[in-house]
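> sequence and predicted structure, then a few things I'm wondering about:
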Amino acid sequence: MSHTIAELETPIPVVDLDRLARNLDRAAAYATTHGLALRPHIKTHKSPRIAAEQLKRGAVGVTCATPFEAELMSEVCSDVLVAYPPVGSARASRLAALPSATKLTVALDSLRAIDDIAAAARTADRPIGVYVELDLGMHRVGTPTLDEAIALARAVRERPPLEFAGIAFYPGHVRESVDQQQTKLDALDTSLRAAIDAFDAAGLHPAVVSGGSTPTLWHTHELSGVTEFRPGTYVYNDRTTAAIGACAWEDCAFTVLATVVSTAVPGQAVVDAGTKALGREPMRGTDSADGFGSLLDRPDVVVKSMSEEHGILDLSSTSWRPAVGDKVRIVPNHVCIVVHLNDVIAGLRGDVVETSWPVAARGRGYDL
């Protein structure tokens, strides 16, 4: 028997299935139009079911961050990139133990990571592709100089069965509104062209140039030499993505359904979604109002503060006054964090709960 949204126990994450489909279709069409390989990052949805939908629309493979994500995605995908340094024998061995039919690639930026994944590859007797990660502005991971990057690529070639597969970067430092990104994108393009030229001059042509993010998604084709891109958030979108113009508010497919549990204090309403349902991620890369989420149908109503099980809605800018027992849908600041806080997601068609699926790749997937 199908349920309506009114029958759901809250707080619970819900996804508008029509919006989800539009988001998937739009990115797939963009990739096709510009001849780019779409390799979406599954950190946002953590679901083999959603990954299968991305693959059905032409994605060449998926991107993961953890061994557990890679293990689960190998059930639906034969081409997996782990865009996280495979440092440590436990992590490297777990990745090398993926099914032999799965093409595995890792991104890294150190000789230690090369040695760890090379040892695991030899033990498992399997080839593993390697992207050398470049720091092109975010200053998180990635080699800061091209000489270091080229040296790592040569080290990969010296350690079969590793295979140098290309270069990777993440433009996470570009978080301005889409219409204000051009200066940073131009600098990124210049750095990327220089990197490709340097690798070519060293006789190490990068067959794959992998980059991209949701904030820069629609500008990916403007970056020289990029062959594949790895957006994650676009599948659901969130308050930050909408605020910077990388999607419309109507493209936010993911919300947290919550119930108003108190209106005792004038000027506010308390809902049953606090930090354990919404996370505590601030808005990033935007001058929009503070808070930890806003209502889907009333974006001016913001979750102004939270404790573990309580979220405080600021009603100072609206004449709307909810009653105790009313349900609201909250668009979180950062959807990836919120998905990871939950075990299951309800899929809606209008107000009807049509389906549900587990957040299968939540956690690390191992026993001590």
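Thanks, I have it.

> for Pro161, give me its contacts.
Pro161 makes contact with 121-122, 125-128, according to CB atoms under 8 Å, 6 or more residues apart in numbering. C-beta: built from backbone N, CA, C; applies to glycine.

> take these and keep only those in strands.
Within the contacts of Pro161, residues falling in strands by DSSP state E are Ile128.

> separate out the buried members of the contacts of Pro161.
121, 126, 128 (16 or more other CB atoms under 10 Å).

> on that earlier part again, now the contacts of Pro161 as a markdown table including distance to Ile50?
Below are the contacts of Pro161 laid out as a markdown table (distance: CB to CB, whole Å):
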| residue | distance to Ile50 |
| --- | --- |
| Ala121 | 29 |
| Arg122 | 34 |
| Asp125 | 33 |
| Arg126 | 27 |
| Pro127 | 28 |
| Ile128 | 26 |
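
> looking at the contacts of Pro161, which is nearest Leu257?
The closest of these to Leu257 turns out to be Ile128 (CB to CB; 42.0 Å).

> any idea how far the residue lying closest to the closest one once chain neighbours are set aside lies from Ser93?
Nearest residue to Ile128, sequence neighbours excluded (CB to CB, 6 or more residues apart in numbering): Ala121, at 4.6 Å. From Ala121 across to Ser93, the span is 10 Å (CB to CB, to the nearest Å).

> which strand in the protein has the most residues?
Per DSSP E, the chain has its longest strand at strand 254-262.

> list the buried residues in it.
In strand 254-262, counting by 16+ other CB under 10 Å, buried: 254-261.

> for stretch 345-359, same thing?
Across stretch 345-359, burial judged by 16+ other CB under 10 Å covers 345-348, 353, 356, 359.

> repeat for stretch 183-196
184-185, 188-189, 191-192, 195-196.

> and the buried residues of strand 254-262 as JSON lines, adding pLDDT?
What follows is those, written out as JSON lines (pLDDT from 0 to 100):
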{"residue": "Phe254", "pLDDT": "99"}
{"residue": "Thr255", "pLDDT": "98"}
{"residue": "Val256", "pLDDT": "98"}
{"residue": "Leu257", "pLDDT": "98"}
{"residue": "Ala258", "pLDDT": "98"}
{"residue": "Thr259", "pLDDT": "98"}
{"residue": "Val260", "pLDDT": "98"}
{"residue": "Val261", "pLDDT": "98"}
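
> from these, which is closest to Gly267?
Ranked by distance to Gly267 (CB to CB), the buried residues of strand 254-262 are led by Val260 at 14.0 Å.

> so the closest one makes contact with Val270?
Yes. Counting by CB atoms under 8 Å, Val260 does reach Val270; the two are 7.0 Å apart.

> which neighbours do those two share?
Contact with both Val260 and Val270 is made by residues Leu313, according to CB under 8 Å, 6+ apart.

> tell me the confidence at the closest residue to Thr143 other than its chain neighbours?
Of all residues not flanking Thr143 in the chain, Ala149 sits nearest, at 4.3 Å (CB to CB, 6+ apart). For Ala149, the pLDDT comes out at 98.

> Ala149 touches Asp135, doesn't it?
No. The criterion here is CB under 8 Å, and Ala149 misses it with Asp135 at 9.1 Å.

> and Gln360, how close does it get to Asp135?
Let me fix one detail, which is that residue 360 is Ala and not Gln. Taken as CB to CB, the span from Ala360 to Asp135 is 32 Å.

> what residues of stretch 89-97 count as buried?
91-96.

> out of those residues, which are inside strands?
Short answer: these have none in strands (DSSP E).

> which of those lies closest to Ile312?
Nearest member of the buried residues of stretch 89-97 to Ile312, counting by CB to CB, is Arg91, at 40.0 Å.

> quick check, central residue of this structure?
Nearest to the geometric centre of the chain sits Gly232, at 3.0 Å (CA atoms, centre = their mean).

> so for the closest residue to it other than its chain neighbours, what's the pLDDT?
Leaving aside its chain neighbours, Gly232 sits nearest to His41 (3.4 Å; criterion: CB to CB, 6+ apart). Looking at His41, its pLDDT reads 98.

> cool, and Asp367?
80.

> and it, that one's in a strand?
No. Asp367: not assigned to a strand; according to DSSP: H, G, I helix; E, B strand; the rest coil it is coil.

> number of residues surrounding it?
For Asp367, the neighbour count with other CB atoms under 10 Å is 4.

> any idea how far Phe68 is from it?
Distance from Asp367 to Phe68, counting by CB to CB: 12 Å.

> rewinding a little: got phi/psi on the residue nearest to Gly232?
For His41, the backbone dihedrals are phi -80, psi 130 (criterion: degrees, to the nearest 10).

> spit out the contact partners of it.
His41 sits next to 62-65, 83, 230-232 when contact means CB under 8 Å, 6+ apart.

> ditto for Thr66
82, 84, 361, 364-365.

> doesn't Ser294 fall inside a strand?
Yes. Ser294: assigned to a strand according to three-state DSSP.

> could you verify my assumption that it touches Arg239?
Yes. Counting by CB under 8 Å, Ser294 touches Arg239, with 6.1 Å between them.
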